[in-house]
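Enquirer: Build the 3D model from these lines:
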Amino acid sequence: MQLSSYNSQTALERQTGNPRNRAIAQHQRIRYKRVTLLSNRSVPDNPEIGEIDIEAILTFTRRNTEHMEKTNKLEQLIRKELADGRKKKQVLADLSRKHDREEVLYILNNIPDEGRRRRYLWFNRLLCLLLFIITVKKLYDMAILQLTAVAVHQFSPLLLLDLIVPMINFYVLSKIIRFHRQGYQFMVVLGVLALVRQENRIQPDIWFYLAIIGLSIFLLKQFFPKTHQISN
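Expert: Residues are numbered from 1 along each chain as shown. Coordinates of the predicted model:
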């Protein structure tokens, strides 16, 4: 069908010499070449190659969810043991009998002991408050920008990329609320990177970021001193 259409158009071009017909014929030649290239492509012997394995994805997701639930339950158990005043080494020795020793050790080294947690609790709450305020401010500024872009008919989906930073901030905030070591480490790096952007070096944002960086470093040293880290 494509070949007959191509031949009829080229014949029409030869017979009439009309510019419109010549344009149609040229379009048909390009289309015919594309169809020919597609038809000459080799078809793989195995039709399953390149198909998305939905079952494998669901299995991976289910196993990952189960592992996260198991880890969360183990973390709650460790927190309960620490809240009762037990030392980390005692908790490691007891829980290693029923749980994976490496996983217990990892959790113990990434949460502070109960005494330090209570001592610097309000510093941690202040850090969470500052991070929450700066994140909400970013969301507000982004909303104003989006509404302005819509009003002048200049909206672009690329503007939604600004949501990445608030999403990361909320993720880090969830870590800091639970006193996870990673949260403070991430916040130091993210705070320094934020100051690289010029819009974050104006008042009052710059003071928020400097306070967040300072508190993160302070709490990281107070909650997780090197002398209190348990080795395997």
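
Enquirer: and the residue sitting nearest the centre point of the chain, what is it in contact with?
Expert: For the chain, the residue sitting closest to the mean C-alpha position, by C-alpha atoms, centre = their mean, is Ile168 at 6.5 Å. For Ile168, the set of contacting residues under the criterion of C-beta atoms under 8 Å, 6 or more residues apart in numbering consists of Leu190. Bear in mind the C-beta positions are built from the backbone N, C-alpha and C, glycine included.

Enquirer: Tell me the spacing between it and Ser96.
Expert: Using C-beta to C-beta, to the nearest Å, we find Ile168 at a distance of 34 Å from Ser96.

Enquirer: Then Arg201?
Expert: Applying C-beta to C-beta, one obtains 48 Å for the distance of Arg201 from Ser96.

Enquirer: What strand or helix carries the residue nearest to the centre of the chain?
Expert: With secondary structure defined by DSSP states H and E, Ile168 is part of helix 164-177.

Enquirer: And the helix or strand following that helix, how far out from the chain middle?
Expert: The element immediately downstream of helix 164-177 (helix or strand, assigned by DSSP H and E) is helix 181-196. Taking C-alpha atoms, centre = their mean, to the nearest Å, the mean C-alpha location of helix 181-196 is offset from the chain mean by 15 Å.

Enquirer: SS state for the nearest residue in space to Arg79 that is not next to it in sequence?
Expert: Beyond its immediate neighbours in the sequence, the residue positioned closest to Arg79 (C-beta to C-beta, 6 or more residues apart in numbering) is Ile111, lying 6.9 Å away. Following DSSP: H, G, I helix; E, B strand; the rest coil, the label given to Ile111 is coil.

Enquirer: Return the residues in contact with Ile111.
Expert: Contact partners of Ile111, counting by C-beta under 8 Å, 6+ apart, are Glu75, Ile78, Arg79, Leu82, Arg117, Arg178, Phe179, His180, Arg181.

Enquirer: quick check: domain ranges of the chain?
Expert: What the record gives for the chain is the domain set 2-39, 55-108, 115-228, from automatic domain parsing.

Enquirer: and the end-to-end length of the last one?
Expert: It stands for domain 115-228. With C-alpha to C-alpha, to the nearest Å applied, domain 115-228 spans 12 Å between its terminal residues.

Enquirer: All the strands of the chain, in order from the start?
Expert: The residue ranges that make up strands in the chain, judged by DSSP state E, are empty, as it has none.

Enquirer: Can you pull out the low-pLDDT segments for this structure?
Expert: Filtered on pLDDT under 70, the chain yields the residue ranges 1-53, 60, 66-67, 159, 232.

Enquirer: Recalculate using a threshold of 50.
Expert: Within the chain, the segments meeting pLDDT under 50 span 1-16, 20-21, 24, 27, 31-50.

Enquirer: Would you map the helices across it?
Expert: Per DSSP state H, the chain has helices spanning 2-16, 19-39, 54-83, 88-95, 101-108, 114-119, 121-151, 164-177, 181-196, 205-223. These are given in chain order.

Enquirer: Pipe those into TSV and attach distance to Ser231 per row.
Expert: What follows is those, written out as TSV (distance: least, C-beta to C-beta, whole Å):
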stretch	distance to Ser231
helix 2-16	72
helix 19-39	62
helix 54-83	17
helix 88-95	10
helix 101-108	9
helix 114-119	19
helix 121-151	26
helix 164-177	23
helix 181-196	16
helix 205-223	18
